[in-house]
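K.L.:
Provided below are the primary sequence and the corresponding predicted coordinates.
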Amino acid sequence: MAFDIEMIKQVYASMSERVDAARKITGKPLTLAEKILYSHLWDGTPTKAFSRGKDYVDFAPDRIACQDATAQMALLQFMQAGKAKVAVPTTVHCDHLIQAKSGAFEDLKHANSTSSEVFNFLESVSNKYGIGFWKPGAGIIHQVVLENYAFPGGMMIGTDSHTVNAGGLGMVAIGVGGADAVDVMAGMAWELKFPKLIGVKLTGKLSGWTAPKDVILKVAEILTVKGGTGAIVEYFGPGATAMSCTGKGTICNMGAEIGATTSTFGYDESMERYLRATDREDVANEANKIKEYLTADPEVYANPELYFDQVIEINLSELGPLLNGPFTPDLSTPVGKEMAEKAAAHDWPMQVEWGLIGSCTNSSYEDLSRAASIAQQALDKGLKTKAEFGINPGSEQVRYTAERDGILAVFEKLDAKIFTNACGPCIGQWARYSDPKNAPKNSIVHSFNRNFAKRADGNPNTHAFVASPEITAAIAIAGRLDFNPMTDTLINENGEEVMLDEPTGWELPPKGFEVKDNGYLAPKEDGSDVIVSVDENSERLQLLAPFEPIGNSIKNAKLLIKAFGKCTTDHISMAGPWLRFRGHLDNIANNTLIGAVNAFNQKTNFVKNQLTGEYDAVPAVQRAYKAAGIKTVVVGDHNYGEGSSREHAAMQPRFLGVAAVIVKSFARIHETNLKKQGMLGLTFANEADYDLIQEDDTINFLDLNEFAPDKQLTVEFVHADGSKDVIKLNHTYNQAQIEWFNEGSALNLIKVQNAK
Ligand code: F3S
């Protein structure tokens, strides 16, 4: 069974009563986000109004989705919880561990042989605990979820930051760490700080070369990578309803790039069309019965500034195509002249070497058909493409249908590589170079979401620009970063000047979706006899042991690293080749913080070991402190831990003996992950105190025995010359989270509670 209509009916049955109660309690009309949040309270019908950005609230999500890289640790943790079955419908999707190199057939074969141990583990755990399993090649988690599980008005969590993609089908879908997912799988509530609300009013209509991707590229420019932190972004207005459901998915998907908790759209006809096209007539029929509950109250969209914390308005008729990058998704430049000027000023390579289309962001049938309409023109007009093309379809259903309809053949005629229906080049799983570290400076354009250094191919010199699939196709054909398809001509094989016409495509396949084997394996009804085995000598998988509590006496701790500038989860726990160790904590811990820049020497993976005075790799130095029984502290800058939801970024430092992370500010998911693992995630009360931290510091927590909600902590930094700075630190721990710290981790606490 692909989705559970009975579960959806239950959600809808209680929605009206809960939303009506919330409206009464708050005394105002409700946004869609509030309707979904208030109708998914753990305690049922709302009895009090919550303060946005302040109150921690317990929720009861309807679904969980996990991808293969994060599922390993999540399921290893779930196995520790002592349950027979997951408490909430859950699926596992094998999409991250598949390298893109030669093309789908070869690459999938290679993945199935190199990662068989992990895939078999995930399949058997899924089978045992009642989890739906999507095998390698079935598709990218978020596209598969949109096609099969997302439903208007639902709440979902997923162990991947782009879980937010399901907002395109009117959900509140939120990326969480594996530890949060484990709580919900184990039948516990899921806690979230009640988000703030940002309204984005879309007026006008997309046309010509402008695509839904440009909407979110524009929003990223306006809000920056931090602007959505702690907020749900709700899109509305005529421009929103005129857009396809998968286009809405693209916009919600990249909400992760502005740090938003999630993004969503109200139920409309595009969603109904999509539900019917993806074989979910019954969901559409049920949704139609409670339509008014699946979008905001009319007063909200009429006077948004009264009901949202922030309102942005974008006129789609005036929006043009954008290229965002390099190295950050919020650096936005209109295609053409402005890009030419910026690229020259910043020495960005003008020649474009690859155009990559796909990823969970832009791999729908509509995306592929519109990009193919541009590619077809290269064939028709005698243009030789200057850059190489790589395509990764979002799901087997999309791939099969696109192949049937001749869309993939168009790209193949341009010698495109059709990669597996998987993440591939989007997550550093692109075997582009034999030695990426020493690879040349170059530019690529892709329709993905992230473009941090090394993200696609491991080459720090690759300048990756994010664009819509249609602009990616046009720029790949032209081979120039400053190409503007609306004004510029290209010279074809006959020496003639030709222009590319505007893209065309289909929102949904005119002949309907089709697929032979969608790659889904249903779990056994009773999995009690399924044996999950993990080889003790495995390099890839390791059963977990519970963490010992850190305790409330942290004295004579050492500074491990003072990270300078951006420190994302990729810097803390790098992806790429390390993905293979996601299920083996000891092995993957050897990449801990190797991407973080040491503020004292501006180098990566080169920190002072205070015990020897020598400089060494971060994991080696940390292991030396651990061996000596010394606790350590990591110091960081703003938005520390932005990027993905991977709890490895918290578990690895925890495993190696880091006691506290002290930063100017945190990305939400990472802060929660640190708490879940029983660590201290703290922020400077006075940001400037970051500058006081010195390389040889010894650190004493002075009042950790009084750790309590809303109470600052005091920490003494003793410098090498004997002088001291005593500083105040803020934290956001509530009482329950302090219990996690006291027990050693959230999972330890679940076990204690289970045992009672
Ligand atoms: Fe995969 Fe990239 Fe999306 S890693 S889930 S395609 S963000």
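P.N.:
Received, thanks. Remember, predicted model here, so these are calculated numbers, not experimental data.
K.L.:
Now the phi/psi pair for Lys728, please.
P.N.:
phi -100, psi 140 (degrees, to the nearest 10).
K.L.:
Give the bridge partners for it, please.
P.N.:
Counting by DSSP bridges, Lys728 is bridged to Thr714.
K.L.:
Can you report how many residues neighbour it?
P.N.:
13 (other Cβ atoms under 10 Å). Where you see a C-beta, it was placed from the backbone N, CA and C, and this is true even at glycine.
K.L.:
residues from the chain in reach of the ligand?
P.N.:
95-96, 140-142, 160, 162, 359-360, 423, 426-427, 448-449 (Cβ under 6 Å from any ligand atom).
K.L.:
Please report phi then psi for the closest residue to Met155 other than its chain neighbours.
P.N.:
Leaving aside its sequence neighbours, Met155 sits nearest to His40 (Cβ to Cβ, 6 or more residues apart in numbering; 4.3 Å). Dihedral angles of His40 (phi, psi; degrees, to the nearest 10) stand at phi -120, psi 30.
K.L.:
Next, work out how far apart Glu117 and Leu702 are.
P.N.:
According to Cβ to Cβ, to the nearest Å, Glu117 and Leu702 sit 47 Å apart.
K.L.:
For those two, indicate the residue with more neighbours.
P.N.:
More neighbours surround Glu117 than the other of Glu117 and Leu702, with 16 against 13 (other Cβ under 10 Å).
K.L.:
residues contacting the more buried one?
P.N.:
Counting by Cβ atoms under 8 Å, 6 or more residues apart in numbering, Glu117 touches Asp535, Ser538, Arg540, Leu541.
K.L.:
now do 10 Å
P.N.:
Val534, Asp535, Ser538, Glu539, Arg540, Leu541, Arg580, Gly583 (Cβ atoms under 10 Å, 6 or more residues apart in numbering).
K.L.:
What of Pro334?
P.N.:
Counting by Cβ under 10 Å, 6+ apart, Pro334 touches Asp214, Lys218, Leu319, Gly320, Pro321, Leu322, Leu323, Lys342, Asn484.
K.L.:
give me every residue that touches the fourth one.
P.N.:
To tie it back to what came earlier, the one meant is Gly320. Applying Cβ under 10 Å, 6+ apart, we find Gly320 in contact with Gly208, Trp209, Thr210, Asp214, Lys218, Pro334, Val335, Gly336, Asn484, Met486.
K.L.:
Just the ones of the residues you listed in helices?
P.N.:
In this view, the contacts of Gly320 that belong to helices under DSSP state H are Asp214, Lys218.
K.L.:
Mind putting the contacts of Gly320 into TSV with pLDDT and distance to Ala65?
P.N.:
Supplementary listing: those in TSV, determined by pLDDT from 0 to 100; distance: Cβ to Cβ, whole Å:
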residue	pLDDT	distance to Ala65
Gly208	96	35
Trp209	98	33
Thr210	98	30
Asp214	98	27
Lys218	98	28
Pro334	97	35
Val335	97	34
Gly336	96	39
Asn484	98	39
Met486	98	38
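K.L.:
Need the distance between the two termini of stretch 625-639.
P.N.:
27 Å (Cα to Cα, to the nearest Å).
K.L.:
Can you list the buried residues in it?
P.N.:
Tyr625, Ile630, Lys631, Thr632, Val633, Val634, Val635, Gly636, Asp637, His638, Asn639 (16 or more other Cβ atoms under 10 Å).
K.L.:
re the thing from before, and the contacts of Pro334, which two are the farthest apart?
P.N.:
Leu319 and Lys342 (18.8 Å; Cβ to Cβ).
K.L.:
Tell me which of these two has more neighbours.
P.N.:
More neighbours surround Leu319 than the other of Leu319 and Lys342, with 21 against 16 (other Cβ under 10 Å).
K.L.:
Could I get the contacting residues of that one?
P.N.:
The neighbours of Leu319, taking Cβ under 10 Å, 6+ apart as the test, are 202, 204-207, 210-211, 214-215, 217-218, 239, 334.
K.L.:
can you check Gly744 too?
P.N.:
Pro546, Phe547, Glu548, Pro549, Ile550, Gly551, Arg654, Gln677, Gly678, Met679.
K.L.:
same thing but at 6 Å, please
P.N.:
Counting by Cβ atoms under 6 Å, 6 or more residues apart in numbering, Gly744 touches Phe547, Glu548, Pro549, Gly678.
K.L.:
Let me know how buried the closest residue to Gln694 other than its chain neighbours is, in neighbour terms.
P.N.:
Closest residue to Gln694 apart from its sequence neighbours, by Cβ to Cβ, 6+ apart: His719 at 4.9 Å. Per other Cβ under 10 Å, the neighbour tally for His719 reads 15.
K.L.:
Just the buried residues of stretch 589-602, please?
P.N.:
Ala589, Asn590, Asn591, Thr592, Leu593, Ile594, Gly595, Ala596, Val597, Asn598, Ala599, Phe600.
K.L.:
burial count for Lys83?
P.N.:
Based on other Cβ under 10 Å, the number of other residues close to Lys83 is 17.
K.L.:
mind listing the helices in the stretch 201-350 of the chain by residue range?
P.N.:
For the stretch 201-350 of the chain, the helices defined by DSSP state H, counting those that start in this stretch occupy 212-223, 238-241, 245-253, 269-277, 281-289, 298-302, 304-307, 337-346.
K.L.:
Please identify the most buried of these.
P.N.:
Scoring these by mean neighbour count under mean count of other Cβ atoms under 10 Å gives helix 245-253 as the most buried, with a mean of 29.
K.L.:
what separates Ala736 from Gln753, distance-wise?
P.N.:
11 Å.
K.L.:
Just the buried ones among the contacts of Gly320, please.
P.N.:
When the contacts of Gly320 are checked for burial by 16+ other Cβ under 10 Å, the buried set is Trp209, Thr210, Asp214, Lys218, Pro334, Val335, Gly336, Asn484, Met486.
K.L.:
Contacts only, for the closest residue to the last one other than its chain neighbours.
P.N.:
With Cβ to Cβ, 6+ apart as the criterion, Met486 has its nearest non-adjacent residue at 5.9 Å, and that residue is Trp209. Residues in contact with Trp209 (Cβ under 6 Å, 6+ apart) are Pro321, Met486, Glu502.
K.L.:
Just give me the closest of those to Thr224.
P.N.:
Pro321 (20.1 Å).
K.L.:
I'd say that closest one and Gly336 touch.
P.N.:
No: using Cβ atoms under 6 Å, Pro321 makes no contact with Gly336, being 8.8 Å away.
K.L.:
Could you check how far Ser553 is from the ligand?
P.N.:
Distance, Ser553 to the ligand, by Cβ to the nearest ligand atom, to the nearest Å: 41 Å.
K.L.:
nearest spatial neighbour of that residue, skipping sequence neighbours?
P.N.:
Leu704 is the one closest to Ser553 (Cβ to Cβ, 6+ apart), at 6.9 Å.
K.L.:
ok, how many other residues are close to that neighbour?
P.N.:
Leu704: 20 neighbours (other Cβ under 10 Å).
K.L.:
Can you tell me how far the residue of the stretch 1-150 of the chain found nearest the ligand is from Leu674?
P.N.:
Here the residue of the stretch 1-150 of the chain nearest the ligand is Ile140; by Cβ to the nearest ligand atom that distance is 5.0 Å. Counting by Cβ to Cβ, the gap from Ile140 to Leu674 is 28 Å.
K.L.:
returning to what we had before: quick check, nearest of the contacts of Glu117 to Asp689?
P.N.:
Using Cβ to Cβ, Gly583 is the member of those that lies nearest Asp689, at 38.1 Å.
K.L.:
can you tell me which residues contact the closest one?
P.N.:
For Gly583, the contacting residues are Gln72, Arg540, Leu541, by Cβ under 6 Å, 6+ apart.
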